[in-house]
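> structure for the following, please:
(chains A and B)
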Amino acid sequence: MNNQLVINEVTVAYSNVTAISKASFSLAEGEIGCLLGPSGCGKTTLLRAIAGFEPVTEGNVSLHGESISNAKYTQPPEDREVGMVFQDFALFPHLSVSKNIGFGLSKIPAKQRDERINDMLALVSLTNSAEKFPHELSGGQQQRVALARALAPNPKILLLDEPFSNLDAELRTQLAAEVRTLLKENRVTALMVTHDQDEAFAMADKIALLNKGKIVQIDAPYQLYHKPSSLFAADFIGKGSVINVEIDAAGLLGNDLGSLSIQTLPKDLGNTVKLLVRPDDVTYDKTSDTKLPIISKVFLGPNYLYELALTDGQCVPCLTQSHIDIPIGESLPVRFDLRHVVIFNGESQVL
Amino acid sequence: MTVIVAIPVLVIIASLSQPFSSTWQHLADTVLIDYISNSLLLMVGVGFGTLILGVSAAWLTAMCDFPGRKILSWAFLLPMAMPAYIIAYTYTGILDFAGPIQSTLRTTFDWGYGDYYFPQVRSLGGAICMLSLVLYPYVYMLVRIAFLEQSTAVLEASRNLGKKSWQTFFSVAIPMSRPAIVAGVSLALMETLADYGTVAYFGVSAFTTGIFRTWYGLGELTTAAQLCAFLLLFVFALIMAERWSRQRLRFHHHSANKKLVRMQLKGWHAYTALLTGCFIVGLGFVIPATQLVIWASSRWQENLNGAFLSLLLNSFSLAAIAAICCVVVATFLAYTKRVFNSRLELGAVGIASLGYAVPGTVIAVGVLIPVAWLDNKIDFLSRAWFDIPTGLLLSGTIGILVFAYVVRFLSVSLNTVESGLSAIKPSIDESARSLGAGPGQVLKRVHLPILRSSLLTAALLVFVDVLKELPTTLILRPFNFNTLAVRTYELASDERLVDAALPALAIIVIGLLPVLLITKSILNERASHE
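Here you go, the predicted model:
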């Protein structure tokens, strides 16, 4: 597969701040990528640099093998064939739905244009709303118009800037999955920006995690969740606690956590390591002798999320079925299932 | 651009650094106290008048429900179409010794001259009444919105805690809308200070009449400018009050409870409400407008002639040129602000938008001084180089008049264009760009269509304001160049009230256009509140 988008060592700096520093990332044709990170991490800046709204200070952005942004040259946004769905959708208020979709098609003959508009309307199931104006549509419909409008000129890549953040929470993950299906069926290369990991997991093949202007990890959603490469990634993605544990050469852990079922531990591992414990690493077992006092609990419908205290006072989460209902202050019998556990030495992951 | 627009005001302020002449001393000894005290009395009187009229009108239409409320809620705006000098001379005609009221009284009771007391319209009190009657809509508009946006829950809480409805009105509703009241009254007072026609016609010595007298009567331009500077002090105080209260307005939005429950008035309460409303609108618009129609129709054969048509043509073309200039400059400034958005630009645009608060008289004097200076320089250079005297090249030309209008009314158009432009978020531009439209295309295919109605509105507002503007035109117009406003004022001053009715009516009819615009937005907002 060819790389459709290649971002190579891109830096975007303003007079006093560096928004993005030496970011590298690539997307194959038809692949859906995601820039994920907390607000202010520079993810939107990077997206806007790809769209041509921000010049890059260093590095190179190339699309379909052609350089579109580098330190010396910024191709104007209108010449890039990059589609973009904006956070606030940015529909033209004075144009109807079909005119909005046809906006980027002014260079093709009228007949083909109408056909394309109709195809697009059908694609996003808005054929009946063709003559409506943006303010007459619901948020979800506006979002679909924005998507159809961006896709209509057949862009080389589709960029989506927090595309679901203006929608109701219940709708988001569902829509993200729908949009993914639509993009996949049409073999669209896409890159979205979000701070919401659920959206990222629902949409993307490949996620670049950003922190403070740097890409800290690029991985598939599963890897990112289960194999975070840094404490930041472990903390940002999913629920869990990072605890300090003593460890001996045989892999036996302090705090009565049992021993790690691993064959080889790095030689230079110190006496103390940081351990990422996910809620599913601690399981309820009423026959277990290990009983930990309950600090707090949250009812999640199908589950309870307990927070348990270890002997030295550090806390670990535990997810149980919700009919296992034990009051705060009493103890929960648990078993540690440390097969997937992630160990950090300092800031970075070792296992 | 903004520097040029700011010149007149700067010239006026700079005039304070000139030595004060003996005329100034003479003024200070004799009439200056009169100017100050009369202007202050006018402000206090009009302040109270517009406050009472505006707040009652707003309360009735926003918080109560009674038959006729919907019609009244836009009819309360009608007096805006009535320039103060026109209502002033109309009431003079109605209430004077020879007018219909006093004549009827005399014939009914068989009185003669001096047998009875009748209040004198042409007085300070009369001026206060006239100005209040046409300026209260400023208070009405702002306070009405404040009332509509007040959370009814707060009012209900007050009732729930044991306050009667009138106690709730004074202890909760009024304090909550105080910023809107202050903003509205400040606007009305700015117009009061700017008024020349009414006070001149009534013979009240206020600042504006003083400025005219100092310059036309005594020929002292510097002293007139210094008087203007004093007037500006008052104006700046009002601007501060208005800005301050607008900032407070932002904290007074209670959008939590949008559902509006109006007090249902029944029986004599409803009749009182309706009568109060009709009384205000009747005095402020219906009665004077009817009188003008009667006068105009009694003489229309003589007056509706070629001279009147050329008057219309003069006024309309002047207003149209000024409107186009204002909109072009405003669009340019609004775009500069949008693109550069720097502190300096914002400050410059802020200065440029001061004009509307500054009385037309002040702007006219502020334009006249630098233009006269420039004329003298050109004349001097031309004599020196070509031995040709150019005389007054710029003074008394249409161009200078239009420039003064732009200075005065730029803020009207700027506000409208800016609010239109603010509807175009930056992401709209970017989405057009990412769809393949270059900057020119974005302007043509996105901005112009979206802005079109704002630009038209801006042009219309300026057009109407220019048509109504009296003092600026009076001072700066080319020799023998007449407009509707000037002609109305001249005829009224010559006591040819009946002949003045036709141009006055023309001004009022055009003045109704912006009222219709506001009515339209009120109707829209009603849909969102009900």
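> what are the contacting residues of stretch A:320-335?
With contacts defined as CB atoms under 8 Å, 6 or more residues apart in numbering or on different chains, stretch A:320-335 is touched by A:282-297, A:299-304, A:306, A:308, A:318. No exception for glycine: its C-beta is placed from N, CA and C like everyone else's.
> show the buried residues in these.
Listed as buried from the contacts of stretch A:320-335 are A:282, A:284, A:290, A:292, A:294, A:297, A:304, A:306, A:308, A:318; burial here means 16 or more other CB atoms under 10 Å in any protein chain shown.
> excluding chain neighbours, what is closest to the fourth one?
Right, the one you point to is residue A:292. Nearest residue to residue A:292 in three dimensions, chain neighbours excluded: residue A:308, at 3.8 Å (CB to CB, 6 or more residues apart in numbering or on different chains).
> I figured that neighbour hits residue A:295, correct?
Yes. With contact defined as CB atoms under 8 Å, residue A:308 reaches residue A:295; the gap is 6.6 Å.
> who touches both of the two?
residue A:315.
> strands along the stretch 1-150 of chain A, start to end?
Per DSSP state E, counting those that start in this stretch, the stretch 1-150 of chain A carries strands over the ranges A:3-13, A:18-28, A:32-36, A:58-63, A:66-70, A:82-85.
> could these be laid out in TSV, adding mean neighbour count and distance to chain B?
Shown next, in TSV, are the strands of the stretch 1-150 of chain A (neighbours: other CB atoms under 10 Å in any protein chain shown; distance: least, CB to the nearest CB, whole Å):
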stretch	mean neighbour count	distance to chain B
strand A:3-13	19	15
strand A:18-28	19	17
strand A:32-36	26	17
strand A:58-63	20	13
strand A:66-70	18	12
strand A:82-85	27	4
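> want to throw the ones you listed into TSV with mean pLDDT?
Shown next, in TSV, are the strands of the stretch 1-150 of chain A (pLDDT from 0 to 100):
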stretch	mean pLDDT
strand A:3-13	92
strand A:18-28	92
strand A:32-36	95
strand A:58-63	93
strand A:66-70	92
strand A:82-85	90
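> burial measure for the closest residue to chain B within the stretch 51-200 of chain A, as a count.
Ranked by CB to the nearest CB, the top residue of the stretch 51-200 of chain A for proximity to chain B is residue A:104, at 3.2 Å. Using other CB atoms under 10 Å in any protein chain shown, residue A:104 has 26 neighbouring residues.
> could you check the pLDDT of it?
Looking at residue A:104, its pLDDT reads 88.
> so what's it up against?
Shown in contact with residue A:104 (CB under 8 Å, 6+ apart): A:149, A:152, A:153, B:435, B:436, B:437.
> tell me the spacing between it and residue B:436.
Look at residue A:104 and residue B:436: by CB to CB, to the nearest Å, they are 5 Å apart.
> what touches both of these two?
With CB under 8 Å, 6+ apart as the test, residue A:104 and residue B:436 both reach residue A:153.
> so where's the chain uncertain?
I'll assume chain A. Residue ranges of chain A with pLDDT under 70: A:1, A:249-251, A:255-256, A:259-270, A:339, A:346-351.
> my bad, chain B
B:1-2, B:151-153, B:162, B:249-261, B:341-353, B:391-392, B:522-530.
> what ranges do the strands span in it?
Secondary structure of chain B by DSSP state E: the strands cover B:64-65, B:263-264.
> how far does the first one sit from the chain's center?
Just to be clear, that refers to strand B:64-65. 29 Å (CA atoms, centre = their mean, to the nearest Å).
> mind giving me the packing neighbours of it?
With contacts taken as 3 or more CB pairs under 8 Å, 6 or more residues apart in numbering or on different chains; DSSP states H and E, strand B:64-65 sits against strand B:263-264.
> in chain A, which residue is most central in space?
In chain A, the C-alpha closest to the average C-alpha coordinate belongs to residue A:200, at a distance of 3.2 Å (CA atoms, centre = their mean).
> the contacts of residue A:104 in helices, which ones?
By the criterion of DSSP state H, membership of the contacts of residue A:104 in helices covers residue A:149.
> residues contacting the strand or helix carrying residue A:225, please?
Using DSSP states H and E, residue A:225 maps to helix A:221-226. By CB under 8 Å, 6+ apart, the residues outside helix A:221-226 that reach it are A:200, A:201, A:204, A:207, A:209, A:217, A:233, A:237, A:238, A:340, A:342.
> CA atoms only for stretch B:476-483, dumped as PDB, please.
What follows is stretch B:476-483, C-alpha atoms only, in PDB (Å, rounded to 0.1, in the frame of the first residue of the first chain):
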ATOM      1  CA  LEU B 476     -21.800  72.900   6.100                       C
ATOM      2  CA  ARG B 477     -24.200  73.000   3.100                       C
ATOM      3  CA  PRO B 478     -23.200  74.700  -0.100                       C
ATOM      4  CA  PHE B 479     -24.700  78.100  -0.600                       C
ATOM      5  CA  ASN B 480     -28.400  77.900  -1.500                       C
ATOM      6  CA  PHE B 481     -28.300  74.100  -1.300                       C
ATOM      7  CA  ASN B 482     -31.500  73.000   0.500                       C
ATOM      8  CA  THR B 483     -32.500  69.700   1.900                       C
END
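> can you list the residues of chain B near chain A?
Neighbours of chain A within chain B, by CB under 8 Å from any CB of the partner chain: B:423, B:425, B:427-428, B:430-438, B:441, B:445-446, B:449-450.
> number of residues surrounding the residue nearest to residue B:105 when sequence neighbours are not counted?
Nearest non-adjacent residue to residue B:105, counting by CB to CB, 6+ apart: residue B:111, 6.5 Å away. Residue B:111 sits with 13 neighbouring residues when counted by other CB under 10 Å.
> is any residue of stretch A:189-199 near chain B?
No. On the criterion CB under 8 Å from any CB, stretch A:189-199 is out of touch with chain B, staying 13.2 Å away.
> quote the end-to-end distance of that stretch.
End-to-end distance for stretch A:189-199, by CA to CA, to the nearest Å: 17 Å.
> give the buried residues for that stretch.
Under 16+ other CB under 10 Å, the buried positions of stretch A:189-199 are A:189, A:190, A:191, A:192, A:193, A:194, A:195, A:196, A:197, A:199.
> could you do stretch B:68-76 as well?
For stretch B:68-76, the neighbour count (16+ other CB under 10 Å) marks B:68, B:69, B:72, B:73, B:74, B:75, B:76 as buried.
> do I have it right that residue B:189 meets residue B:46?
Yes. Using CB under 8 Å, residue B:189 makes contact with residue B:46 at a distance of 6.5 Å.
> and the single longest helix found in chain A, what does it pack against?
Using DSSP H to define each element, chain A has its longest helix at helix A:169-185. Judged by 3+ CB pairs under 8 Å, 6+ apart, helix A:169-185 is in contact with strand A:32-36, helix A:139-151, helix A:197-203.
> how does it look with 10 Å?
Identification of packing neighbours for helix A:169-185 by 3 or more CB pairs under 10 Å, 6 or more residues apart in numbering or on different chains; DSSP states H and E yields strand A:32-36, helix A:139-151, strand A:157-161, strand A:190-194, helix A:197-203.
> burial measure for residue B:417, as a count.
Counted by other CB under 10 Å, the residues lying close to residue B:417 total 25.
> and it, what is it in contact with?
Applying CB atoms under 10 Å, 6 or more residues apart in numbering or on different chains to residue B:417 gives the contacts B:326-327, B:329-335, B:451, B:454-455, B:457-459.
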